[in-house]
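Colleague: Below: sequence and its predicted model.
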Amino acid sequence: GENVEQHPSTLSVQEGDSAVIKCTYSDSASNYFPWYKQELGKGPQLIIDIRSNVGEKKDQRIAVTLNKTAKHFSLHITETQPEDSAVYFCAAQYSSASKIIFGSGTRLSIRP
Amino acid sequence: EPEVTQTPSHQVTQMGQEVILRCVPISNHLYFYWYRQILGQKVEFLVSFYNNEISEKSEIFDDQFSVERPDGSNFTLKIRSTKLEDSAMYFCASSEPLGRRGGTPHEQFFGPGTRLTVL
């Protein structure tokens, strides 16, 4: 069935360093890969997404890469700041309109 | 900025009791969803709802669950006879086809969640 694996489950990096979170998906029919940030007491919020016809997308300090052949996708945060501390979820969907299949989440902590 | 709201933030109930979780989606949205997250586990899809009917549901969404849009603003999830394993955070989300200006079509906006504790 549909499944998204996410690693690591926790990640602690020094402020200013980079953070990388990796995911794999099982369903080759997935075409849309959003990333969500969840802060304490709030629901998940979309921060960046990538479609299957694109290998890489960047938005300021955040970038995502997709290897559709290997069914791998990754989130890269550069120049990390304290406000980047949160739980990050990768996800896969058939399209942006379909149900979201979430990864298990990564708790990112930024050390001052 | 418009946001999805959910009430209550925390609901405690006895096993076997009925609960109704309430959501107010963003006003011009047409698609509505419920997800849940058992402590320490993944966020799981429960059901999607469009045009006053269920468009998709997961195997979790059995006969004990139902959804309703009773008026033009609320979207509810009812659990008829709660079990211990229903204890979780329940998230409501909504979306609309065009997305925000320059944004992603069908981006799902999530509420802050309702923590359900079944004793």
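Modeller: Here it is on my side, so go on.
Colleague: neighbours around residue 71, how many?
Modeller: Using chain A here. 17 (other C-beta atoms under 10 Å in any protein chain shown). C-beta: built from backbone N, CA, C; applies to glycine.
Colleague: To clarify, I was referring to chain B.
Modeller: 7.
Colleague: same question, the one 10 residues further on
Modeller: Residue crowding around B:Ser81 was assessed by other C-beta under 10 Å; the count is 12.
Colleague: so it makes contact with B:Glu18?
Modeller: Yes. B:Ser81 is within contact range of B:Glu18, at 6.8 Å (criterion: C-beta atoms under 8 Å).
Colleague: Could you tell me how many residues sit around residue 23?
Modeller: I'll assume chain A. Neighbourhood size, A:Cys23 [other C-beta under 10 Å]: 26.
Colleague: please go with chain B instead
Modeller: B:Cys23: 25 surrounding residues under other C-beta under 10 Å.
Colleague: what residues are up against it?
Modeller: Contacts for B:Cys23 (C-beta atoms under 8 Å, 6 or more residues apart in numbering or on different chains) come out as B:Val4, B:Thr5, B:Gln6, B:Phe32, B:Trp34, B:Asn74, B:Phe75, B:Thr76, B:Leu77, B:Cys92, B:Ser94, B:Gly111.
Colleague: tell me, which of those residues make contact with chain A?
Modeller: With C-beta under 8 Å from any C-beta of the partner chain as the criterion, the contacts of B:Cys23 include B:Val4, B:Gly111 near chain A.
Colleague: got the phi/psi numbers for whatever residue of chain A ends up closest to chain B?
Modeller: Closest residue of chain A to chain B, C-beta to the nearest C-beta: A:Gly43 (3.1 Å). Torsion angles at A:Gly43 (phi, psi; degrees, to the nearest 10) stand at phi -80, psi 170.
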